[in-house]
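Undergrad: Need a 3D model of the following:
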Amino acid sequence: MPLFRPTRRDFLAVAAAAPALTLTARVSSAAEFGPVGAPNSGHVRFALGEMQLTVLSDGFFRRPVSSIAVNADPAARDAFLGAHFLPVDEGYSHTNHIVIDSGAARVLVDVGSGDRFLPTTGRLMDNLATAGIDPGSITHVIITHAHPDHIWGIRDGFDEAILPDIPYFIGATEHDFWMQDDLVNRVPAEMQQFVLGAQNSIGVDGADWTLLAPGQEVVPGIRVIDTPGHTPGHMSVVLESGSEQLIVLADALTNPYLDFAHPEWVNEADMDAEQTIATRRRLLDMAATDRMAVLGYHFPFPGVGNVLRDGDSYRFIPALWRFD
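TA: Here you go, the predicted model:
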């Protein structure tokens, strides 16, 4: 089966070449709008049953469209993107984290990039402050997988855990993959920095790790499920309160239009193509059948919606935001 590997060099090249976010709306073929004046809010708060959920941004990054749907005909991919008012030159990825207040615990899913990945990411801590969430009040951290934008923010400038002396959780398979002896010398050169970053993050001082098995509950109402493919041990997080459920997808699906309509088209960063496709189909079927809400890490902020079955494929239905 093909193995697709993320290339940080491509991310950096695109980020360096991209213009600063404009102060006026871009109303061309793409459905993109920029802020006017003060920055827009980087957090949204809502309820799931008795839980209080806060979605927070860690920033954004751009990536070449050539890294998206790498096993599809480029013309078909570009036609799909254009028809959905999405740019055909470069993608724009949000980074949607979630803090879950369950009553007994305050759980953060993933810790973002910190200042070690891209200049447009690493805003999670600032947005926590803006949302009125004291980082010291977080009681648990779940890491869905060890890619840079999900775990590199675990360390401060002294290489110590930025949220010290609390339990951290990661899948046992994910942990064991990245922490293999001499892995850095057994991967292609473009992946070596990812390996070193993952190992340094997992090995940070001040993080007390618990290795999770699929289906394991972290605190009541919050459990992990096995969603491999993007990485070998990738996990998603299922929240349940009363009769309401939500799946924190992380990177099991990264585009709410393309991945739903064409779950068979995979991205450069999906490490196991066949497994990624199988995982996507399973998640989409589960969410559509059981009417579970979903949160996509790279979906347009705040990234929350539902899954509608549409023949042999699916559609993403953004959640209706209410002010009452």
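
Undergrad: what about residue 157, how many neighbours?
TA: Residue 157 is flanked by 8 other residues according to other C-beta atoms under 10 Å. C-beta here means a position set from N, CA and C on the backbone, and glycine is covered the same way.

Undergrad: ok, now residue 93?
TA: 23.

Undergrad: Which strand or helix spans it?
TA: strand 90-101 (DSSP states H and E).

Undergrad: Which stretches in this protein count as helices?
TA: Counting by DSSP state H, the chain has helices at residues 8-17, 74-83, 124-130, 148-151, 172-178, 189-202, 258-261, 273-290.

Undergrad: Just give me the longest strand of the protein.
TA: strand 51-64 (DSSP state E).

Undergrad: re earlier: any idea which of the helices of the chain scores lowest on pLDDT?
TA: Among the helices of the chain, helix 8-17 carries the lowest mean pLDDT, a mean of 40.

Undergrad: How far off centre is the longest strand of the chain?
TA: 8 Å (C-alpha atoms, centre = their mean, to the nearest Å).

Undergrad: Which residues belonging to it are considered buried?
TA: 51-63 (16 or more other C-beta atoms under 10 Å).

Undergrad: and if you look at stretch 177-196?
TA: 177-178, 183, 191, 193-195.

Undergrad: ok so, going back, which neighbouring elements make contact with the strand holding residue 93?
TA: Contacts defined by 3 or more C-beta pairs under 8 Å, 6 or more residues apart in numbering; DSSP states H and E place strand 90-101 against strand 51-64, strand 106-109, strand 293-296.

Undergrad: Could you give the separation of it from the chain centroid?
TA: 6 Å.

Undergrad: Rounded mean pLDDT for that strand, please.
TA: 95.

Undergrad: Name the nearest residue to residue 309, ignoring sequence neighbours.
TA: residue 288 (4.5 Å; C-beta to C-beta, 6 or more residues apart in numbering).
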